[in-house]
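Student: just a sequence and a predicted model for now, questions to come.
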Amino acid sequence: MAQIVIAEDEFLIADVLSIMLEEAGYEVQTAPHGLAALSLVKEKRPDLLITDFMMPLMTGLELAQALRADDRLSSIPIILMSGAQASIGRSHPDMFDDVLDKPYDEARLLRAVESALSGKSAL
């Protein structure tokens, strides 16, 4: 079972994502901000990270940069989900395997997860 870490500071969004992904057969853990997600990723070495952009303590871009700079974590696929900052994510294709706009479509998100886990970057 693939393990996914979600970095999302809005509890309800994190909860909905977690439930949806668990129902799709994934093991999911959540972090309330980028710094907590970085610690969780270092500890768990998940198969995928899904992150918001705007979060306290560390943005999604800063989180992605930290992972890409760490040889032990750099191969973990990262999906960015954001509202207004999605365009910033798209301007960094070396950081993100896919970028989804909020509000996201559940089917589109599940396709993005499957693609990222199979090593097929959408960007």
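Tutor: Now that the structure is in, tell me what you want to look at. Being a predicted model, the structure only gives us computed values, none of them experimental.
Student: next, the buried residues of stretch 73-92.
Tutor: 73, 76-82, 85-86, 88-89 (16 or more other C-beta atoms under 10 Å). Any C-beta I mention is one placed from the backbone N, CA and C, and that applies to glycine too.
Student: those in strands, which ones?
Tutor: 78-82 (DSSP state E).
Student: where does pLDDT dip in this structure?
Tutor: By pLDDT under 70, the weakly predicted segments of the chain are 120-123.
Student: residue 86 against residue 100, yeah?
Tutor: Yes: the pair residue 86 / residue 100 is scored as a contact, 7.3 Å apart, by C-beta atoms under 8 Å.
Student: so what sits against both of these two?
Tutor: residue 80 (C-beta atoms under 8 Å, 6 or more residues apart in numbering).
Student: where exactly do the strands run in this structure?
Tutor: Ranges of strands within the chain are 3-7, 27-31, 48-51, 78-82, 98-101, based on DSSP E.
Student: how about the buried residues of stretch 73-92, which pair is most distant?
Tutor: Maximum pairwise distance in those, criterion C-beta to C-beta, is 23.0 Å, between 73 and 86.
Student: in contact with residue 67, which residues?
Tutor: Taking C-beta under 8 Å, 6+ apart as the contact definition, residue 67 lies against 38, 41, 49, 73-74, 76, 78.
Student: got CSV for these, with distance to residue 6 too?
Tutor: Listed next are the contacts of residue 67 as CSV, based on distance: C-beta to C-beta, whole Å:
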residue, distance to residue 6
38, 13
41, 11
49, 8
73, 16
74, 19
76, 13
78, 11
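Student: list the contacts for the residue nearest the centre of the chain?
Tutor: The centre of the chain sits closest to residue 50, judged by C-alpha atoms, centre = their mean, with a distance of 1.2 Å. Taking C-beta under 8 Å, 6+ apart, we find residue 50 in contact with 4-8, 17, 78-79, 81, 113.
Student: and what of residue 104?
Tutor: Here residue 104 is in contact with residue 81 (criterion: C-beta under 8 Å, 6+ apart).
Student: need the phi and psi values for it.
Tutor: Backbone torsions for residue 104, taken as degrees, to the nearest 10, come to phi -90, psi 160.
Student: great, nothing more from me.
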